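Student: kindly return the folded structure for what I paste below:
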Amino acid sequence: MIRRAATLALFLSLTALVTGGVWWRALNDALSRLEERGGADLALAGDRLLGQLQRYREMTVLMARHPEMLALTLDPARSAEEADRLLRNTADMTRSDELMLTDTQGRVIAASGPEVDRQRAAMPYFARAMQGALGFHHETDHATGRRYFVYAAPVFAPEGPVVGALIARIDTEAVEVIWRGEPIIVFFTGEDGVVFVSNRDELVLVRLDLLSGSADKDRLLRREERIVGRHAVWDLDGGPHLPRRALHLTRELPVIEMTGEALVDIMPAERQAQLQALMAAAICLGLGALVYALAERRRALAVRLAAEAEANARLEGRVAERTRELSEANDQLRRAQAELVQAGKLSALGQMSAGLSHELNQPLMAIQSYAENAGLFLKREAPERAAENLGRISDLARRMGRIIKNLRAFARQETEGMTDVDLVLVIGAALELTEARLRSAGVTVDWLPPARPVLVRGGEVRLQQVVVNLLSNAADAMAGGGGTITLRTSKSGGRVRLTVADTGAGIAEPDRIFDPFYSTKEVGASEGMGLGLSISYGIVQSFGGTIAGRNRESGGAEFTVELDAATRGAKAA
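Tutor: Numbers count the residues shown, from 1 in each chain. Prediction:
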């Protein structure tokens, strides 16, 4: 139990470690993607702000060069009515809040509106314009709370010195209005750290280290910054319109002396990291449960194997005994099969015995007659006629020897395995053995031996038995009525086909012709018990060939034997 508890504690610790690692990696990856997208949005917002202010900057410079502005600064005593109208029209067209023309002392001598601050000498942008450069600043009207961007362009006299300044005040509402409703929170702060422009009202005029959601600062919001990996994350309490945790991004804008900043809600990244962490924990727990189940199963299996060890030993003894019995039974079966094949051959010999005895008896009687005639011709001193009779005796002896040789070969048991066998010689020997039977049945044989050997893979004696069985069955099918047996050989690819066709009555049940003891003859008939085709089927199968029988459309039956061609065999004619 202690060992199991320690293993469980170690597994849970590893699971927690893996889950935490997956959460940390997923969070950092998600924050990196948020930072990439937020940085692009912040850059776009900064470029948009600079682009909008650029229009007012160029307008201020152009108006400072206007002849009417120069004439009024050179002669302040002249009427400012025309300059006021020009500034008012320009302010309306450019959506500027105020346009003012001042002298070198900062006194306003012309303006686009009636209510303007008549003294600008103390402003930093005015001092910049008096130095001959373009002044820029942002300011807040504390009386109204309105915020302005201010440009001040110097007015140069024809001789070169500065004689006045054109000041343009742009309300920030003119540039903020197009940002409203964007998902990313963007704001721009000055050197004092106060948010001057933003697309969220909650951040306007708020100092970053002390966030206020209202003008009277009745609700203060502090920020806390923490570093997650290489990302700065702010924890905020800014109400429903600000995220509680946000990624803080910054970008310097030196052209307008401000810093662009953005806050990107990290809740989607946290959810994604939590989801991946939960999946990792589930996978670890699942694997742990699987390993535990496998361990328990292995333990149970070990117990069961230990219990079955003794039974297996006894079983092995019984299996060994049974194996010996099966081996002996297989040996007996093989011997029985060989004896069955030999019995089939002896049965065929028994059926052919009468014809073979006639084939041997007829030459013997002829030899006796030719021998007597040769003796008479020698007494009559006719050696030529005696030699002719002796030659006939020699031919008949050779024929009897050939018949006896084929008979002895057919009757013996073949002990050799598969070899290259000449199918033409096998068919010739089978025809000699069945010649008397075929002649007694009135059957003619249509067989033209090929000019070259047809070599196949098989056993010579067993293959001869197959051909004898097919010829005998064909003769039985045409017994009494005569007919023709046609033998043909052909070669296709690596196979040799032998076809034996007859003109008999055909096959009654083609599907059963190779079943043992199936026969269409009467039971007890001397012709056999229906084992010939079954034996032939087994012999051909042992050669790796096939044998099939069918009824021909023109009448009669046709048996086809296919065997593997010998690699050195000649093509069938």
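Student: okay, now Val454: neighbour count?
Tutor: 26 (other C-beta atoms under 10 Å). All C-beta spots, glycine's among them, are computed from the backbone N, C-alpha and C.
Student: and it, how far is that from Ile427?
Tutor: 9 Å (C-beta to C-beta, to the nearest Å).
Student: list the residues that contact His241.
Tutor: Contacts for His241 (C-beta atoms under 8 Å, 6 or more residues apart in numbering) come out as Arg200, Glu202.
Student: tell me the domain ranges of this structure?
Tutor: Following the assignment in automatic domain parsing, the chain carries domains at 2-56+180-265, 65-175, 418-564.
Student: phi, psi of the residue of the chain positioned farthest from its centre?
Tutor: What lies farthest from the middle of the chain is Arg380; by C-alpha atoms, centre = their mean that is 101.5 Å. Phi and psi for Arg380, reported as degrees, to the nearest 10, are phi -90, psi 10.
Student: quick check, pLDDT for it.
Tutor: The score at Arg380 is 73. That number is its pLDDT.
Student: for it, list the residues it contacts.
Tutor: Counting by C-beta under 8 Å, 6+ apart, Arg380 has no contacts.
Student: out of the domains of the chain, which gets nearest to Gln276?
Tutor: domain 2-56+180-265 (4.2 Å; C-beta to C-beta).
Student: what about that closest one, average pLDDT?
Tutor: Averaging pLDDT along domain 2-56+180-265 gives 79.
Student: endpoints of that domain, how far apart?
Tutor: End-to-end distance of domain 2-56+180-265: 47 Å, with C-alpha to C-alpha, to the nearest Å as the criterion.
Student: repeat for stretch 155-172
Tutor: Span of stretch 155-172 from end to end, C-alpha to C-alpha: 25 Å.
Student: buried residues, that stretch. List them.
Tutor: Using 16 or more other C-beta atoms under 10 Å as the test for burial, stretch 155-172 gives 155-156, 162-172.
Student: in JSON lines: these, plus secondary structure and distance to Ile184.
Tutor: Below are the buried residues of stretch 155-172 laid out as JSON lines (DSSP: H, G, I helix; E, B strand; the rest coil; distance: C-beta to C-beta, whole Å):
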{"residue": "Val155", "secondary structure": "strand", "distance to Ile184": "41"}
{"residue": "Phe156", "secondary structure": "strand", "distance to Ile184": "43"}
{"residue": "Val162", "secondary structure": "strand", "distance to Ile184": "43"}
{"residue": "Val163", "secondary structure": "strand", "distance to Ile184": "46"}
{"residue": "Gly164", "secondary structure": "strand", "distance to Ile184": "42"}
{"residue": "Ala165", "secondary structure": "strand", "distance to Ile184": "38"}
{"residue": "Leu166", "secondary structure": "strand", "distance to Ile184": "36"}
{"residue": "Ile167", "secondary structure": "strand", "distance to Ile184": "33"}
{"residue": "Ala168", "secondary structure": "strand", "distance to Ile184": "29"}
{"residue": "Arg169", "secondary structure": "strand", "distance to Ile184": "28"}
{"residue": "Ile170", "secondary structure": "strand", "distance to Ile184": "24"}
{"residue": "Asp171", "secondary structure": "strand", "distance to Ile184": "23"}
{"residue": "Thr172", "secondary structure": "coil", "distance to Ile184": "18"}
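Student: dump those into CSV; add pLDDT as well.
Tutor: Converted to CSV, these look like this (pLDDT from 0 to 100):
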residue, pLDDT
Val155, 91
Phe156, 92
Val162, 90
Val163, 90
Gly164, 90
Ala165, 91
Leu166, 92
Ile167, 91
Ala168, 91
Arg169, 88
Ile170, 88
Asp171, 87
Thr172, 85
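Student: where do the helices of this structure begin and end?
Tutor: Taking DSSP state H to define them, one finds helices in the chain at 2-64, 67-74, 81-94, 124-130, 173-176, 267-379, 383-411, 423-440, 460-477, 532-542.
Student: burial count for Ala451?
Tutor: Ala451 has 8 nearby residues by other C-beta under 10 Å.
Student: from Gly556, how far out is it?
Tutor: For Ala451, the distance to Gly556 - C-beta to C-beta - is 28 Å.
Student: do the same with Ala277
Tutor: The value you get for Ala277 to Gly556, if C-beta to C-beta is used, is 84 Å.
Student: pick the one among the buried residues of stretch 155-172 closest to Glu191.
Tutor: Thr172 (17.1 Å).
Student: name the nearest residue to that closest one, ignoring sequence neighbours.
Tutor: Distance criterion C-beta to C-beta, 6 or more residues apart in numbering; nearest residue to Thr172, sequence neighbours excluded, is Arg147 at 4.4 Å.
Student: could I get the pLDDT score of the one you found?
Tutor: pLDDT at Arg147 comes out at 87.
Student: and for Gln541?
Tutor: 87.
Student: and it, how far from Glu562?
Tutor: According to C-beta to C-beta, Gln541 stands 11 Å off from Glu562.
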